[in-house]
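Novice: One predicted model, sequence on top.
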Amino acid sequence: MTAGARALSWVLLAWLVAACNKASPGHTSGAGSSAIPAGAVSVVTVPPPAPAPPPPPPIVRAEGMPGSFAPLARKADPAVATVKARVERQQPGGRRRTVAEGLGTAFVYDPEGFLLTNNHVIEGATDILVSFVDGRDIKATVVGRDKHTDIAVLKVDEKGLPSLPLGDSDVIEVGDWVVAIGNPFGLSHTVSAGILSAKGRTRDDVKGLDPSGYFNFLQTDASINPGNSGGPLLSLRGEVVGINAAVRANANNIGFAIPINMVRQLLPMLLRDGKIRRSQVGVTVDVLNAIEAGRLKRPDRKGAWVKSVMAGGPADRAGIAPDDVIIAFEGKPISDPNELRWMASIAGVNRVVTLRIARFERIFDVRVTLGELPDLDEEPGEP
């Protein structure tokens with residue numbers, strides 16, 4: 001080896017020693033990587049896992065929306081009964097023949113054996129059987145009924161029955177949840193739910209009803225079909241706010257129920273007398289339209305416009321005349337003729353009441369002794 005080659009070898013050796021010293025433990029290489037000591041096991045560095053995505057927000061139900069109607073239905077169902085009403089006619093020779101069998105719904109409102117249903121469910125029935133969800137079939141009798149409001153009270157010889165509390169149909173509001181239980185098309189103990197769609201529906205809204213009837217229906221979109229008649233319409237508190245009674249033909253989910261407050265007013269009379277003895281003012285009234293309101297100088301169209309007065313009747317004796325507008329009954333404002341008809345009919349025969357009359361610009365009160373309304377189909381609009 002030449003002297004120049006030996007010199008170059010020593011230079012390279014010195015450079016390698018220096019490089020090794022720089023890579024010794026505790027030092028970093030020029031490349032910035034850590035040196036691995038002899039005998040150490042190589043470890044692969046795994047990056048930390050990405051953070052988990054946040055959980056989805058909880059489902060928030062609309063205010064007042066129940067999670068399930070099951071507890072309400074489970075509690076109410078034992079008090080609801082299927083009504084089977086058989087109508088028989090006597091044939092020549094004394095034989096009796098069944099001519100019709102009706103199917104509807106009723107519910108226990110008094111554990112002593114009293115049930116409510118519709119009059120049209122049991123009208124003309126010679127035998128009535130009520131069947132409960134526990135399998136019991138019990139014969140029922142009619143305690144009282146009223147065709148003009150389509151209400152009937154039944155009685156069974158059974159005590160301690162599950163019952164439903166009667167609520168307040170004035171308090172429940174449009175948009176509140178309601179539940180109907182009944183036997184639509186014979187499908188016993190069917191539960192349907194919806195909302196209260198409207199209040200104050202009259203015979204003008206539900207076609208085909210008895211023109212002499214008194215109607216102030218609750219409207220609901222809870223499914224009500226033939227067989228539901230007489231069943232309870234319940235609030236979310238499990239209280240009866242109406243008796244399911246009718247449906248709007250050719251419409252989807254438009255049903256009507258009798259307000260329970262109307263039923264409450266009639267119950268004492270039905271239990272005492274078996275029927276309603278109605279009172280009357282003795283006038284024929286109509287809605288005050290815009291033209292007549294202008295002619296009579298009325299600031300609005302509220303009240304009951306008197307079209308005619310029954311000669312010698314209560315109103316005639318009190319001095320009420322055609323074109324008068326009755327705007328209050330016993331201090332309660334009258335918004336339309338239907339309100340007057342209802343208030344006058346249940347006030348009581350021979351009772352003296354105060355009517356507020358608008359006669360053009362003059363406003364005054366008159367005292368009227370109510371007469372008795374004949375137990376016949378009255379003419380529409382005659383309170």
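Specialist: Structure's in. What do you need? None of these values were measured; they are calculated from a predicted model.

Novice: quick one, what contacts Val287?
Specialist: Contact analysis of Val287 by C-beta atoms under 8 Å, 6 or more residues apart in numbering lists Arg301, Trp305, Asp336, Pro337. To be clear about C-beta, it is placed using only N, CA and C from the backbone, and glycine gets the same treatment.

Novice: and the closest residue to Leu72 other than its chain neighbours, how many residues sit next to it?
Specialist: Leaving out its chain neighbours, the residue that sits closest to Leu72 by C-beta to C-beta, 6 or more residues apart in numbering is Gly238, at 5.4 Å. Gly238: 17 surrounding residues under other C-beta atoms under 10 Å.

Novice: name the element Gly238 belongs to?
Specialist: Per DSSP states H and E: Gly238 is located in neither a helix nor a strand.

Novice: May I have the residues that are in contact with it?
Specialist: Listed by C-beta under 8 Å, 6+ apart, the contact partners of Gly238 are Leu72, Lys75, Ala76, Leu164, Pro165.

Novice: give me the number of residues near the last one?
Specialist: To tie it back to what came earlier, the one meant is Pro165. By other C-beta under 10 Å, the residues close to Pro165 number 12.

Novice: Same check on the first one?
Specialist: The number of residues packed near Leu72 is 20, by other C-beta under 10 Å.

Novice: what's the average pLDDT for stretch 190-207?
Specialist: Stretch 190-207 shows a mean pLDDT of 88.

Novice: measure the closest residue to His120 other than its chain neighbours to Glu123 for me?
Specialist: Nearest residue to His120, sequence neighbours excluded (C-beta to C-beta, 6+ apart): Asp150, at 5.8 Å. Noted for Asp150: a distance of 9 Å to Glu123, by C-beta to C-beta, to the nearest Å.

Novice: what do you get for Pro211?
Specialist: Distance from Pro211 to Glu123, by C-beta to C-beta: 17 Å.

Novice: for the chain, where's the lowest mean pLDDT among helices and strands?
Specialist: Ranked by mean pLDDT, DSSP states H and E, the weakest helix or strand in the chain is helix 3-22, scoring a mean of 47.

Novice: Could you export the very next helix or strand once past it as CSV, CA atoms only?
Specialist: Sequence-wise, the next helix or strand downstream of helix 3-22 (DSSP H and E) is helix 70-76. Output in CSV follows, covering the C-alpha atoms of helix 70-76 (Å, rounded to 0.1, in the frame of the first residue of the first chain):
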residue,chain,number,x,y,z
ALA,A,70,-100.4,1.3,26.5
PRO,A,71,-100.6,2.2,30.2
LEU,A,72,-103.8,4.2,29.6
ALA,A,73,-105.4,1.6,27.4
ARG,A,74,-104.5,-1.2,29.8
LYS,A,75,-106.1,0.6,32.7
ALA,A,76,-109.2,1.8,30.9
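
Novice: can you tell me the helix or strand for the residue most central in space within the chain?
Specialist: Closest residue to the average C-alpha location of the chain: Val178 at 3.7 Å, with C-alpha atoms, centre = their mean. Assigned by DSSP H and E, Val178 falls within strand 177-182.

Novice: Just checking: what are the partner strands of the following helix or strand past that strand?
Specialist: Note on strand 177-182: by DSSP H and E, the next helix or strand toward the C-terminus is strand 190-201. In the sheet, strand 190-201 lines up against strand 177-182 (antiparallel), strand 217-220 (antiparallel) (DSSP bridges).

Novice: Check which residues of strand 190-201 are buried.
Specialist: Buried residues in strand 190-201, counting neighbours by 16 or more other C-beta atoms under 10 Å, are found at Thr190, Val191, Ser192, Ala193, Gly194, Leu196, Ser197, Gly200, Arg201.

Novice: From these, pick the one nearest Thr369.
Specialist: Gly200 (29.6 Å; C-beta to C-beta).

Novice: Look at the residue nearest to the closest one when sequence neighbours are not counted and say how many residues are nearby.
Specialist: Distance criterion C-beta to C-beta, 6+ apart; nearest residue to Gly200, sequence neighbours excluded, is Asn216 at 6.0 Å. Neighbour count for Asn216, taken as other C-beta under 10 Å: 18.
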